[in-house]
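*Asks:* What would the 3D arrangement of this be:
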Amino acid sequence: ITPKFLAEQYRRVVARNKPGTSSFYPSLTLRLTTAKDWKALGLVVDAEAFVTVNQIKNRYFNPMEAYMGSGSRPQLLKVHVGRKKEEWSELDDRWKLGMWQPRFRWDYFEPELVGLTGVFLASRIGNLKLAGYASPLFLPEQGAPFEVDNGKFSSIHPFFTPPPDTMKVFGETTSLRYDVVIPPLSKIIFNPGGAFLARYDFSNGFHVKGSYAYTPMNQLAIGYQAYLYLPTNQVQVTLHPRVIYRHVAALDTGWRNDRFAAALSFLTDHPLQSGVPTDMTTQNFSSGYMLSPAVSARINNDAQNAHTVEFSTLQSWGGVKDDTGPLAASGQQILESRYQYRNAVQLRWRLPLISGETRRFYGMSRFVYDFSVQGAILSPEVRFDAGNRLFLTLGADVMGAGKRRATDGGADFFSLYRTNDRLRGSIAYAF
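*Replies:* Below you'll find the model as predicted:
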């Protein structure tokens, strides 16, 4: 059990329809991590509860993993039930895109991947690993919470970006009133899916892996209908969240030894759109393709006190189209794209400053640059670890963008959240 106090100071928070919202966010987090092994049976739980001290509505409970099933006893087929992470795609895990496994996007700078929920099968025959997943349930990706009050969106979350409050109608600025039609919960969560993967590890450090899934897209698609209500001269907009199925496949190959690693990853995603009412304007998706080579190095052989560097690139094609429907216009993509990056490079490094058996002080950082929008993220951080019990962290996140979105769509993440620069510090103790 690890309680943590986190303080975040944002440069500017755009809290639409929440005047006076502070840009200072102190919060308390309680994380439970346990792994029990009774040989024939095992249990793994990794869950976190969070609340902002000065805004108690800003809270969540996030089980990243919670499953039980086969233990460490050798078995030809191991079975687990619950929410479980799996290495379906190295590209998706490296860039945290949410294409394979859903993300918990409370912190948009560093979203956390969470496991799929269902039944998992795994078998290892020599150097060959086979795994499968099936579930009658679908739990979509979670992001910033919001409310709709009197036709207006509002949120105290620093990363919530509301739709516009006004639009031009016949040359005049006209206010918008919103309503969200939430489908019955059963129509969202009772959507089955399945996946499988095969991985072969060669004796010289090389590996190759392929995976495929037919599941709902982790992000809900949004459609909308609108009309001008003449008595109040307002545009009434009704939003309709929808579940969309897709085919997704990945291919990974790589090599590693004790100090160096190299990988090449490919991912393709094919959304299936059908059953959209003709009077509804909706997000539009196309088949997307992504390729990411990566290299990493560990400067010394001490795993805990090693200087590590990882460099990767990401190139994506397709996946994004203009909105479609009676209210759509050329070049119109009203909501945030699923494709957070288009043509990007990423550098991560960890540098030990003071190393010891019980105390460690080190710096680490992440830098991302997307050429398609001239957007960048820099996240430096220093950490102090005392006996694997007490953890102190001080860091910052700075982001900028030169363009609103890429020429072929996507990568609007940088412009949407470019004012969310922040300083952060935390103290945690593991019991």
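
*Asks:* what are the bridge partners for Asp46, then?
*Replies:* Thr33, Glu65 (DSSP bridges).

*Asks:* got the contact list for it?
*Replies:* Arg31, Leu32, Thr33, Pro63, Met64, Glu65, Ala66 (CB atoms under 8 Å, 6 or more residues apart in numbering). For glycine as for every other residue, the C-beta is placed from the backbone atoms N, C-alpha and C.

*Asks:* Including neighbour count, distance to Gln101 and pLDDT, could those residues go into JSON lines?
*Replies:* JSON lines is the format used below for those (neighbours: other CB atoms under 10 Å; distance: CB to CB, whole Å; pLDDT from 0 to 100):
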{"residue": "Arg31", "neighbour count": "17", "distance to Gln101": "19", "pLDDT": "94"}
{"residue": "Leu32", "neighbour count": "13", "distance to Gln101": "20", "pLDDT": "94"}
{"residue": "Thr33", "neighbour count": "14", "distance to Gln101": "18", "pLDDT": "94"}
{"residue": "Pro63", "neighbour count": "19", "distance to Gln101": "13", "pLDDT": "93"}
{"residue": "Met64", "neighbour count": "18", "distance to Gln101": "10", "pLDDT": "94"}
{"residue": "Glu65", "neighbour count": "16", "distance to Gln101": "11", "pLDDT": "96"}
{"residue": "Ala66", "neighbour count": "17", "distance to Gln101": "14", "pLDDT": "96"}
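
*Asks:* of those residues, closest to Val53?
*Replies:* Closest approach between the contacts of Asp46 and Val53, by CB to CB: Arg31, at 16.9 Å.

*Asks:* Show residues contacting the helix or strand harbouring that closest one.
*Replies:* Arg31 belongs to strand 24-37 when assigned by DSSP states H and E. Residues outside strand 24-37 that contact it (CB under 8 Å, 6+ apart) are 1-10, 42-55, 58, 71-72, 158, 428.

*Asks:* Please indicate which of the residues you listed are buried?
*Replies:* 4, 6, 8, 10, 42-48, 50, 52, 55, 58, 158, 428 (16 or more other CB atoms under 10 Å).

*Asks:* Just the ones of those in strands?
*Replies:* Under the assignment DSSP state E, the buried ones among the contacts of strand 24-37 contribute 4, 6, 8, 10, 42-48, 50, 52, 55, 58, 428 to strands.

*Asks:* ok, which pair from the residues you listed is furthest apart?
*Replies:* Going by CB to CB, the pair spanning these furthest: Tyr10 and Gly42, at 41.0 Å.

*Asks:* Tell me, please, where in this protein the pLDDT is lower than the cut-off.
*Replies:* For the chain, the stretches with pLDDT under 70 are 12-22, 301-304.

*Asks:* And the residue nearest the centre of it?
*Replies:* The centroid of the chain falls nearest to Arg103 when counting by CA atoms, centre = their mean (3.3 Å).

*Asks:* Please list all residues in contact with that residue.
*Replies:* Lys96, Leu97, Pro111, Glu112, Leu113, Val114, Glu141, Gln142, Asn218.

*Asks:* Can you classify the last one as helix, strand or coil?
*Replies:* Translated: Asn218. Secondary structure assignment for Asn218 (DSSP: H, G, I helix; E, B strand; the rest coil): coil.

*Asks:* Start at 3, not 1
*Replies:* I'll keep to 3 as the first residue from here, and by that count the last item is Asn220.

*Asks:* For beta bridges, what are the partners of the residue nearest to the centre of the chain?
*Replies:* Leu115.

*Asks:* Tell me how far it lies from Arg61.
*Replies:* The gap separating Arg105 from Arg61 is 18 Å, by CB to CB, to the nearest Å.

*Asks:* Please apply the same query to Ala308.
*Replies:* On the measure of CB to CB, Ala308 and Arg61 end up 37 Å apart.

*Asks:* With Arg361 instead?
*Replies:* For Arg361 relative to Arg61 (CB to CB), the value is 34 Å.

*Asks:* isn't Lys170 right up against Leu230?
*Replies:* No. The criterion here is CB atoms under 8 Å, and Lys170 misses it with Leu230 at 12.0 Å.

*Asks:* So the two - more neighbours on which side?
*Replies:* Using other CB atoms under 10 Å, the more surrounded residue of Lys170 and Leu230 is Leu230, with 12 against 8.

*Asks:* Disregarding flanking residues, what is the spatial nearest neighbour of that one?
*Replies:* Val237 (5.5 Å; CB to CB, 6 or more residues apart in numbering).

*Asks:* One more: Arg258?
*Replies:* Closest residue to Arg258 apart from its sequence neighbours, by CB to CB, 6+ apart: Gly207 at 5.5 Å.

*Asks:* so what's the one you found up against?
*Replies:* Contacts of Gly207 (CB under 8 Å, 6+ apart): Trp257, Arg258, Asn259.

*Asks:* separation between the last one and Gly207?
*Replies:* Same thing as Asn259. 5 Å.

*Asks:* Describe which strands the host helix or strand of Ala265 pairs with in its sheet and in which direction.
*Replies:* Using DSSP H and E, Ala265 sits within strand 262-274. Using DSSP bridges, strand 262-274 pairs in its sheet with strand 247-258 (antiparallel), strand 283-300 (antiparallel).

*Asks:* And the helices in the stretch 103-252 of the chain?
*Replies:* With DSSP state H, counting those that start in this stretch, the ranges of helices along the stretch 103-252 of the chain come out as 187-191.

*Asks:* hang on, the earlier thing: mind giving me a markdown table with the strands paired with strand 262-274 and columns for distance to Val182 and mean neighbour count?
*Replies:* A markdown table is the format used below for the strands paired with strand 262-274 (distance: least, CB to CB, whole Å; neighbours: other CB atoms under 10 Å):
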| stretch | distance to Val182 | mean neighbour count |
| --- | --- | --- |
| strand 247-258 | 22 | 18 |
| strand 283-300 | 14 | 19 |
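
*Asks:* roughly how far out does stretch 147-160 sit from the chain middle?
*Replies:* Remark: stretch 147-160 is offset 21 Å from the chain centroid, using CA atoms, centre = their mean, to the nearest Å.

*Asks:* before we move on, back to that, format the contacts of Asp48 as CSV; extra columns: distance to Glu149.
*Replies:* CSV is the format used below for the contacts of Asp48 (distance: CB to CB, whole Å):
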residue, distance to Glu149
Arg33, 27
Leu34, 29
Thr35, 32
Pro65, 24
Met66, 26
Glu67, 30
Ala68, 28
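
*Asks:* Looking at Ala308 and Arg61, which is more packed in?
*Replies:* Neighbours around Ala308 and Arg61, counted as other CB under 10 Å, are more numerous at Ala308. The numbers are 17 against 13.
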